[in-house]
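Engineer: need coordinates for the below:
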Amino acid sequence: MRFLHISRNQVIALAIVSLAVLAAFAIFLYPKLVSGPLSKPPAPQESNVVAVVNGEEIMRGTFEARAVADEYFYTVISPLPEEERGNIRNQTLEGMIQEKLLTQVLGEQRIVVTDDEIRQRIQEITVDPRFHGDWDAYEAEIERTYRSTLHEVMRTMRIMILREKVAALTNQKHVFAIWVEKNQPQTLAYESMTPEQRAELEDLNRTKREKIEAALQRIQAGEDFAAVAREVSEHPPTAQNGGDLGMLAPPTDTPFLAPDDFFPMDFNFYQALGELKSGETKLYEGFGGYFIMRITESTEGLLGEQSFDDWYKNLRAQAEVDIFL
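Structural biologist: Numbering: from 1, shown residues only. Next up, the predicted model:
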């Protein structure tokens, strides 16, 4: 995302430029990691088509406009190492192939990315905070600094939103949870602790363990989970909501640890999320506390339990792509 200043999880204004460069590298270089060599079937030398993706054409004029913008960006604005610059055009085309494939997949799910949606995202993360809502000033900077156009910025943002929407199509679970914080957090893995250290830690945390076990007994006896959560949970942001964490996707890679205002998670939380099935309730111990988790429903998504990267590798390998570069 070369000309955007992106914050997936809230950023401050001074970080926008550096994050934009990182996003541009991610979008540009990602296909290189998941695709094989570009195929080169026979084609007329003067063909107006540069690739056909599952029957849909990528026109040469559109490709050349994007390739020129990419070549300028990756040689002047954020230079790649000299040995990688010769592959810029191939990677530009792979990015356009990814855009086609993701659009096709989402279309089958009746999901679209509209121009209005793209402009709204650009306005929220760039035009409003940096240009005070002045689109003309924003477009002038794109042309002056990057020698490109708003159209190209929107194409870059479109790919990012396509990826977001596909990545969201994973299996998800509706989670309710109750948290009780330990008197003394666990700083070492149990296998690294001596029997004496374990006994001392358990003694320090005994009252909190008894508290969470009593809550579990009440739930198992038929009390309403949300009512118990409001009374017992020591995590106010979720306690007042009856412990409802909403729909969550079990992790497929190293999980991102959410901030405490969402829930005081650690790796044990994600392990629990992965193993619990719909209708199950169980008590778990984390490094900083104890938590009861309940799964009330599960949904199956397009990606299942795959990461986006693994899923896309398979999609790209199975796609019918003819290239005339």
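Engineer: sec struct for Pro185, please.
Structural biologist: coil (DSSP: H, G, I helix; E, B strand; the rest coil).
Engineer: that one contacts Tyr290, correct?
Structural biologist: No: with contacts counted by CB atoms under 8 Å, Pro185 stays clear of Tyr290, the gap being 11.4 Å. Every C-beta, even on glycine, is put in place using the N, C-alpha and C of the backbone.
Engineer: so what touches the one helix or strand Asn90 maps to?
Structural biologist: Secondary structure from DSSP states H and E places Asn90 in helix 88-108. With contact meaning CB atoms under 8 Å, 6 or more residues apart in numbering, helix 88-108 is reached by 27-32, 35, 38, 50-51, 53-54, 56, 58, 62-63, 66-67, 70-71, 74-75, 80, 112-113, 155, 158-159, 162-163, 165-166, 302, 312, 315-316, 319, 321, 323, 325.
Engineer: residues near Asp136, how many?
Structural biologist: For Asp136, the count of nearby residues is 7 (other CB atoms under 10 Å).
Engineer: rewinding a little: who's more crowded, Pro185 and Tyr290?
Structural biologist: Of the pair Pro185 and Tyr290, Tyr290 is the one with more neighbours under other CB under 10 Å, namely 23 against 14.
Engineer: spatially nearest residue to that one, not counting backbone neighbours?
Structural biologist: Ile212 (4.1 Å; CB to CB, 6 or more residues apart in numbering).
Engineer: I'd like the distance between the one you found and Asp309.
Structural biologist: Look at Ile212 and Asp309: by CB to CB, to the nearest Å, they are 37 Å apart.
Engineer: contacting residues around Gly61?
Structural biologist: Counting by CB under 8 Å, 6+ apart, Gly61 touches Asn48.
Engineer: and the helix or strand hosting it, which residues are buried?
Structural biologist: Using DSSP H and E, Gly61 sits within helix 60-72. Buried residues in helix 60-72, defined by neighbour count with 16 or more other CB atoms under 10 Å: 60, 63, 65-67, 69-70.
Engineer: how about stretch 112-123?
Structural biologist: Going by neighbour count (16+ other CB under 10 Å), the buried part of stretch 112-123 is 113, 118-119, 121-122.
Engineer: contact partners of it?
Structural biologist: 4, 103, 106, 133, 135, 153-154, 157-158, 161-162, 165.
Engineer: repeat the analysis, applying 10 Å as the threshold.
Structural biologist: 1, 3-6, 99, 102-103, 106, 127-129, 131, 133, 135, 138, 150, 153-162, 164-165 (CB atoms under 10 Å, 6 or more residues apart in numbering).
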